[in-house]
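Peer 1: sequence-free structure coming up:
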């Protein structure tokens, strides 16, 4: 019969504390991943939102100013003149968002090139004299975390990287940051005493307090991100932001059509606002004669009259086509040989677009008009197919489906 070694006695309270620390570590890491993912999603959504919808917002602001100026020109009233001047001033004072986003993208690209990117010019150093508390914590941290206290190369690198952060906080005289770094160092897993060490329980308590604070700070950051304008917007459709952008574009197109109709009614009415002059020219919701039958292409006529447009029947048979509809729309019916990139992915997949003249399609012409306007701004040769796939189908142009069934426009 072989002798059995006695089982090691474990303090039940310490074992429970070990489990609480492990659970807190898992909760913090999971929450931190969620917050970092949310931050990236919001940043990407904000960039695409600006690139695709920015021209629509700018056009709405311009139409508001034009309407106000038309009203002021007809009435001559001081209040109307003030409103017109204010509306025009708001348009003129808008920041150059295109330049801003281009600058952000350029900085991101440069940051990914490592040493090839030219560093920004250093700011003039501020004269800071650390207080006595900052000096005390700094000296203590240097004594505890100095790389020469270990012979392990990996541990030396870790300590050196940590001291870089310590020196940065000390240079700013930031006593609170130094206290936080002190707590981080003393509660780091690398500093944990052995399981059977008498100091283990005290370290577990300090580690749990540190994790609790990190969880609270991470939760607060998540709430802050969710409450930002872009965070609230993304929360409306977190699983399908592309559809959300499409819906927003349609709403903006409708608002712009209303503004344009109001403007054309004002410009068409040649008499004073009291109605004593000639009868105003009838104008429909899209700036057209309301007696004309509606068409699917009307959503884009007013907003994007300045971009290159072609009738579906006139598109060359060998033209390069880009379809920006969603997958289910594409599967139902599309042009054989067309390139399919949904609206929300266009910016990220610009490198896939051919260099030749590009004809862009969607269902009725609104989404494709946004893409064409963006591509034209980037110096690309692009044409919006007026009326989209509905016009393509009405013109008798060939279509295929992904399922092999009869193609149709969804």
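Peer 2: Cool, the structure landed. In this text the structure is predicted, and so the values were computed from the model without any measurement.
Peer 1: what's residue 368 in contact with, if anything?
Peer 2: Applying Cβ atoms under 8 Å, 6 or more residues apart in numbering, we find residue 368 in contact with 300, 322, 324, 360, 361, 362, 384, 385, 388. Heads up, the C-betas are built off the backbone N, CA and C, glycines and all.
Peer 1: let me fix that: residue 246
Peer 2: Here residue 246 is in contact with 326, 343, 367 (criterion: Cβ under 8 Å, 6+ apart).
Peer 1: my read: the last one touches residue 249, true?
Peer 2: Yes: distance between residue 367 and residue 249: 6.4 Å, which falls inside the contact criterion (Cβ atoms under 8 Å).
Peer 1: who has more neighbours out of these two?
Peer 2: Between residue 367 and residue 249, counting by other Cβ atoms under 10 Å, residue 367 is the more crowded of the two (31 against 21).
Peer 1: which SSE is immediately downstream of the host helix or strand of the more buried one?
Peer 2: Per DSSP states H and E, residue 367 falls inside helix 366-377. Once the chain leaves helix 366-377, the next helix or strand it forms, by DSSP H and E, is strand 382-386.
Peer 1: got a list of contacts for stretch 132-140?
Peer 2: Stretch 132-140 is contacted from outside by 130, 166, 170, 173, 174, 175, 178, 179, 182, using Cβ under 8 Å, 6+ apart.
Peer 1: that older thread, and the helix holding residue 367, how far out from the chain's middle?
Peer 2: Distance of helix 366-377 from the chain centroid (Cα atoms, centre = their mean, to the nearest Å) equals 19 Å.
Peer 1: other SSEs contacting the longest helix seen in the chain?
Peer 2: Identified as the longest helix of the chain according to DSSP state H is helix 12-75. Judged by 3 or more Cβ pairs under 8 Å, 6 or more residues apart in numbering; DSSP states H and E, helix 12-75 is in contact with helix 78-92, helix 97-111, helix 200-227, helix 229-235, helix 241-268, helix 366-377.
Peer 1: that one vs helix 78-92, what angle?
Peer 2: Put simply, helix 12-75 runs at 130 degrees to helix 78-92, going by axes from the mean of the first three to the mean of the last three Cα atoms, to 10 degrees.
Peer 1: among the contacts of residue 368, name the buried ones.
Peer 2: Taking 16 or more other Cβ atoms under 10 Å as the criterion, what is buried in those is 300, 322, 324, 360, 361, 362, 384, 385, 388.
Peer 1: check which helix or strand covers the second one.
Peer 2: In this case it means residue 322. In this structure, residue 322 sits in strand 320-323 according to DSSP H and E.
Peer 1: any buried residues in that strand, and which?
Peer 2: Neighbour-count burial for strand 320-323, counted by 16+ other Cβ under 10 Å, picks out 320, 321, 322, 323.
Peer 1: parallel or antiparallel, list what pairs with that strand.
Peer 2: Applying DSSP bridges, strand 320-323 is found paired with strand 339-340 (parallel), strand 358-361 (parallel).
Peer 1: burial count for residue 263?
Peer 2: 21.
Peer 1: do residue 146 as well
Peer 2: Here the number of neighbours of residue 146 (other Cβ under 10 Å) works out to 13.
Peer 1: does it touch residue 160 like I think?
Peer 2: No: judged on Cβ under 8 Å, residue 146 makes no contact with residue 160 at a distance of 9.2 Å.
Peer 1: and for residue 243, nearest residue in space, chain neighbours not counted?
Peer 2: Excluding the flanking residues, the one nearest residue 243 by Cβ to Cβ, 6 or more residues apart in numbering is residue 237, at 6.0 Å.
Peer 1: where does that neighbour sit: helix, strand or coil?
Peer 2: Look at residue 237: counting by DSSP: H, G, I helix; E, B strand; the rest coil, its state is coil.
Peer 1: could I get the pLDDT score of the spatially closest residue to residue 374 that is not a sequence neighbour?
Peer 2: Nearest non-adjacent residue to residue 374, counting by Cβ to Cβ, 6+ apart: residue 51, 6.0 Å away. pLDDT recorded at residue 51 is 77.
Peer 1: look up how far residue 371 lies from residue 51.
Peer 2: The gap separating residue 51 from residue 371 is 10 Å, by Cβ to Cβ, to the nearest Å.
Peer 1: more neighbours, these two?
Peer 2: residue 371 (24 against 19).
Peer 1: residues contacting the more buried one?
Peer 2: Counting by Cβ under 8 Å, 6+ apart, residue 371 touches 52, 322, 324, 343, 346, 360, 382.
Peer 1: equivalent analysis for residue 352, please.
Peer 2: With Cβ under 8 Å, 6+ apart, residue 352 has these contacts: 339, 341.
Peer 1: one more: residue 63?
Peer 2: Contact analysis of residue 63 by Cβ under 8 Å, 6+ apart lists 256, 259, 260, 263.
Peer 1: how about low-confidence regions in the stretch 151-300 of the chain?
Peer 2: Residues of the stretch 151-300 of the chain meeting the criterion pLDDT under 70: 268-300.
Peer 1: how much space separates residue 156 from residue 266?
Peer 2: From residue 156 to residue 266 the distance is 75 Å (Cβ to Cβ).
Peer 1: quick one: which of these two has more around it?
Peer 2: Between residue 156 and residue 266, counted using other Cβ under 10 Å, the more crowded position is residue 266 (18 against 15).
Peer 1: pLDDT value on the closest residue to that one other than its chain neighbours, please?
Peer 2: In this structure, residue 266 finds its nearest non-sequential neighbour in residue 70, 4.1 Å apart by Cβ to Cβ, 6+ apart. Model confidence at residue 70, given as pLDDT, is 78.
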